[in-house]
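Novice: sequence first, predicted coordinates after that:
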Amino acid sequence: MDQNKPFPDYFKDIPAILFRNDPRIKQLTGKTARTWANIDARGIGPKRRIKIGGAVAYPREELIEFLLSQVEITTP
């Protein structure tokens, strides 16, 4: 993904599928599981998500795409 180039080392630790209840989600995304649930409820989260039983997960590429869409780079 060409969009990753500014952050190549940051995204290397995100697994292929990241569950919303995974304890690493806050460390990897900066958002808690509850925040991700709220984002989903508002319909503004990653384009795709996977539901296995009651657990919600995000495919790596969609999660990265969403996180990059939230980045704002400014210059002084």
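Specialist: Done, it's in. Numbers count the residues shown, from 1 in each chain.
Novice: where do the strands sit along the chain?
Specialist: Secondary structure of the chain by DSSP state E: the strands cover 17-19, 50-52, 55-59.
Novice: list the contacts of the residue nearest in space to the middle of the chain.
Specialist: The centroid of the chain falls nearest to Leu63 when counting by Cα atoms, centre = their mean (3.4 Å). Leu63 sits next to 14, 18, 29, 46 when contact means Cβ atoms under 8 Å, 6 or more residues apart in numbering. The C-beta positions use only the backbone N, C-alpha and C, and glycine is treated the same way.
Novice: buried sites along the helix or strand of the chain with the lowest mean pLDDT?
Specialist: Ranked by mean pLDDT, DSSP states H and E, the helix or strand of the chain with the weakest confidence is helix 8-11, at a mean of 72. If you call a residue buried by 16 or more other Cβ atoms under 10 Å, then helix 8-11 has these buried ones: Phe11.
Novice: going forward can the numbers begin at 769, since that is how I track them
Specialist: Happy to do that; since the first residue is 769 now, the last one works out to helix 776-779.
Novice: residues contacting Ala784?
Specialist: 827-828.
Novice: how near is it to Leu831?
Specialist: Ala784 is 10 Å from Leu831, where distance means Cβ to Cβ, to the nearest Å.
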